[in-house]
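Student: sharing a model prediction with you, sequence too.
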2 protein chains.
Amino acid sequence: MGNKIITVSRQFGSGGRTIGRLAAEKLGIPCYDQELIEKIAKESGLAEEYVEERGEHMPSSNWIANALAVRTVAGMINEDQLWATQCKVILNLAEQGPCVIVGRCADHILKDKFELLRVFVHAPLEKRAERIVSVYGEKEVSIQKRINDKDKRRKAYYQLYTDSEWGAADNYDISVNSASIGIEKCADLLVELYKG
Amino acid sequence: MGNKIITVSRQFGSGGRTIGRLAAEKLGIPCYDQELIEKIAKESGLAEEYVEERGEHMPSSNWIANALAVRTVAGMINEDQLWATQCKVILNLAEQGPCVIVGRCADHILKDKFELLRVFVHAPLEKRAERIVSVYGEKEVSIQKRINDKDKRRKAYYQLYTDSEWGAADNYDISVNSASIGIEKCADLLVELYKG
């Protein structure tokens, strides 16, 4: 077994990214999130926006309708290439030392190769909507619909590439409700468990 | 909101009952598990074995085949009566003071009426099989099959009576893998979160 890694899967708006960052800070180890997207984009030659959206989400149904009409071999190559690059970059980072990795199926990619603390962060829909409005300043009226859509696509992507169920408690070492437990306390729990 | 209650849902063989008991001991509050079955049996007039099995599990498929052949009105009344008595006994216990309640859909029964720490305890199948063999001395060769069957029936029962998904992380405040975190450490986490 290699380095000890925390992987954070999270519902959209649950604060999972913040929890991952806080835990990493407290542990004095790096947290890869946006940096991961940049690395994957650089390595694959794909645009950052494409990597961010398509390395973790199935396309939206509108997108599917369009894609079916204009589906190209290039499109398929992009998706496979993105997955392969994502795996490579995540494995490389994990080999460099202990770290926190947010999203991007890292729990699955690193399974059986590293000692993992696999975390899932969730919160009730209305609390996530509140958080998105207050933290990101979004004002969208249909924010709950957007959250649901984003989670559905994350779940579908995870299922497709890992063949296991996103958000089923038994895929993780610990799952936390960030709304009832609190962001800071969730990070403290991860630190405590990581230190063992 | 009434008393603060810990509800423990658990996969068969995951040690959830032990974690609930340990946490209750550390907190100095009662833990209801077997006592719950005795109370429900006494109050409903149904046999303890029936309460234990049918107050948390859907019948096995063999049982269903038999039941379909000899299905009686009395059978239906028993099941409804069991659920009603279970709700009543659990609500009464929760009203008496802070406590830990293991299984029996208590998280759903007490929802919105009490301040809850809703816990789900799970562990990989092979670890649960090992635990059942070592703790309960069971020697059954097909123990993994029996565990799967029991969990499937718990899940189906929960779904039927609560209309939500047993084992989906977002139904709980915290879900823990007792095999990777350890039984004692899981109990400590609950104590820490309960104390807030």
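Tutor: It's in. Note that the structure is predicted; figures quoted are calculated from it, not measured. Residues are numbered from 1 along each chain as shown, chains lettered A, B, ... in the order given.
Student: can we go C-alpha only for contacts and neighbour counts from here?
Tutor: Noted.
Student: now chain A, which segments are flagged as low pLDDT?
Tutor: Within chain A, the stretches with pLDDT under 70 are A:1-2, A:60-77, A:140-141.
Student: where along it do the helices fall?
Tutor: A:16-27, A:34-44, A:48-54, A:61-70, A:73-96, A:106-110, A:125-136, A:143-162, A:178-181, A:183-195 (DSSP state H).
Student: identify the residue spatially nearest to A:Ser44, adjacent ones excluded.
Tutor: A:Thr85 (6.2 Å; CA to CA, 6 or more residues apart in numbering or on different chains).
Student: could you dump the helices of chain A to a markdown table with distance to B:Trp166 and mean neighbour count?
Tutor: What follows is those, written out as a markdown table (distance: least, CA to CA, whole Å; neighbours: other CA atoms under 10 Å in any protein chain shown):
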| stretch | distance to B:Trp166 | mean neighbour count |
| --- | --- | --- |
| helix A:16-27 | 22 | 21 |
| helix A:34-44 | 33 | 17 |
| helix A:48-54 | 30 | 17 |
| helix A:61-70 | 28 | 11 |
| helix A:73-96 | 31 | 16 |
| helix A:106-110 | 22 | 20 |
| helix A:125-136 | 18 | 16 |
| helix A:143-162 | 18 | 18 |
| helix A:178-181 | 19 | 20 |
| helix A:183-195 | 22 | 18 |
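Student: closest one to B:Thr7 among those?
Tutor: With CA to CA as the criterion, B:Thr7 lies closest to helix A:178-181 of the helices of chain A, at 14.6 Å.
Student: which elements pack onto that closest one?
Tutor: Packing partners of helix A:178-181 (3 or more CA pairs under 8 Å, 6 or more residues apart in numbering or on different chains; DSSP states H and E): strand A:115-122.
Student: before we move on, back to that, look up how far chain B lies from the residue nearest to A:Ser44.
Tutor: 29 Å (CA to the nearest CA, to the nearest Å).
Student: surely that residue and A:Glu43 touch.
Tutor: Yes: here A:Thr85 lies in contact with A:Glu43, judged by CA atoms under 8 Å, at a distance of 7.0 Å.
Student: dump the residue contacts of the residue nearest to A:Ser44.
Tutor: With contact set as CA atoms under 8 Å, 6 or more residues apart in numbering or on different chains, A:Thr85 has these partners: A:Ile40, A:Glu43, A:Ser44.
Student: surely the first one touches A:Cys87?
Tutor: No: under the criterion of CA under 8 Å, A:Ile40 is not in contact with A:Cys87, lying 9.3 Å apart.
Student: excluding its backbone neighbours, what's nearest the most centrally placed residue in chain A?
Tutor: Per CA atoms, centre = their mean, the C-alpha nearest to the average position across chain A is that of A:Gly103, at 1.5 Å. Spatially, and ignoring its direct neighbours in sequence, A:Gly103 is nearest to A:Ser9 (4.9 Å; CA to CA, 6+ apart).
Student: A:Ala168: what's it in contact with?
Tutor: Neighbours of A:Ala168 in contact, by CA under 8 Å, 6+ apart: B:Gly167, B:Ala168, B:Ala169.
Student: what residues does chain A have near chain B?
Tutor: A:120, A:122-124, A:167-170, A:172-177, A:180-181, A:193 (CA under 8 Å from any CA of the partner chain).
Student: how near is the residue nearest to the centre of chain A to B:Arg154?
Tutor: 31 Å (CA to CA, to the nearest Å).
Student: cool, and A:Glu192?
Tutor: On the measure of CA to CA, A:Glu192 and B:Arg154 end up 32 Å apart.
Student: got it, and A:His108?
Tutor: Computed with CA to CA, the distance linking A:His108 and B:Arg154 is 27 Å.
Student: please apply the same query to A:Gly196.
Tutor: 32 Å.
Student: and for A:Asp33?
Tutor: 38 Å.
Student: cool, and A:Val176?
Tutor: 22 Å.
Student: over to A:Leu189?
Tutor: 29 Å.
Student: please name the residues that touch the residue nearest to A:Gly103.
Tutor: With CA under 8 Å, 6+ apart, A:Ser9 has these contacts: A:Gly16, A:Val102, A:Gly103, A:Arg104, A:Cys105, A:Asp107, A:Arg118, A:Val119, A:Phe120, A:Val121.
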